[in-house]
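*Asks:* the following comprises the amino acid sequence and a computationally predicted model.
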Amino acid sequence: MKKNLSIPLITLSLLAALVSVAAAPLAGTAALVGVDYIAHKGPVFTFAVTGKFSKAQLKGSLHVVGGADYTLHCTQVDKSTVKCNASQKVSGVNVVGAWGGFKFWTYVPAAPSARYCYSIYDWSDTPQDGAPPVNWVNYGTYCQNSPAGYGDSIWWNNPTWGPSNYEFLPESPASTYCVAQVGDGYYFPICAPPAGP
């Protein structure tokens, strides 16, 4: 009778040892606090955590329900917060994600649409009656997700002059060479004197 009981006990103890090795403890706890879609960055997932997570544990994956898979990049911001981000393509969909042994599912808000549009001004590309190009011309429009502030700058490809830096101003830069243009917009930052012959 003793022999018959020892085989199940040995099997049970080996099984318990395997389960304890395979189920390594997690570094801490994590709970999804929220997800926001940040313009030009993509979705940002915020987790409340306890414990310290290694770099390997902070790598994860994201699956769009009915769609593609993406990499999830996480950073432990402080001892109680982990933030993760994914591709900007993940927008307005339900997702299932995992990192550090944790799984979560949530809805990612849609990417915000650009709501603030501004004129872009540069010098005239054609001299008038042989005079130098001193008039400001509206070459296009630039739209963004938040309001512009004076002094903000953008890099924009002007169809006539090529790529240039433009600054958001209440009026054109002061100059004795250019006719003043009044109104909020992105302006080429200078109106220099024309090149001599």
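*Replies:* Great, that's in hand. Numbers count the residues shown, from 1 in each chain.
*Asks:* list the contacts of the residue nearest to the spatial centre of the chain.
*Replies:* Using CA atoms, centre = their mean, the residue of the chain that lies closest to the mean C-alpha position is residue 41, 0.5 Å off. Residue 41 makes contact with 85, 88 under the criterion CB atoms under 8 Å, 6 or more residues apart in numbering. Placement of C-beta: from N, CA and C, glycine included.
*Asks:* got the domain ranges for this protein?
*Replies:* Taking automatic domain parsing as the domain assignment, the record places the domains of the chain at 27-108, 116-187.
*Asks:* for residue 38, which non-adjacent residue is closest in space?
*Replies:* residue 44 (5.5 Å; CB to CB, 6 or more residues apart in numbering).
*Asks:* hang on, the one you found packs against residue 85?
*Replies:* Yes - under the contact definition of CB atoms under 8 Å, residue 44 touches residue 85, with a separation of 5.1 Å.
*Asks:* what about these two, which has more around it?
*Replies:* It is residue 85, of residue 44 and residue 85, that has more neighbours when counted by other CB atoms under 10 Å, with 19 against 15.
*Asks:* contacting residues around the more buried one?
*Replies:* 41, 42, 43, 44, 45, 72, 73.
*Asks:* what segments of the protein are strands?
*Replies:* With strands called from DSSP state E, the chain shows them at 29-38, 42-50, 59-64, 69-78, 81-85, 93-99, 102-108, 116-123, 136-144, 153-158, 162-171, 182-187.
*Asks:* still on that earlier bit, could you dump the domains of the chain into CSV and include mean pLDDT?
*Replies:* Putting the domains of the chain into CSV (pLDDT from 0 to 100) gives the following:
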stretch, mean pLDDT
domain 27-108, 93
domain 116-187, 86
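*Asks:* for residue 170, the count of nearby residues, please.
*Replies:* Applying other CB under 10 Å, we find 10 other residues in the vicinity of residue 170.
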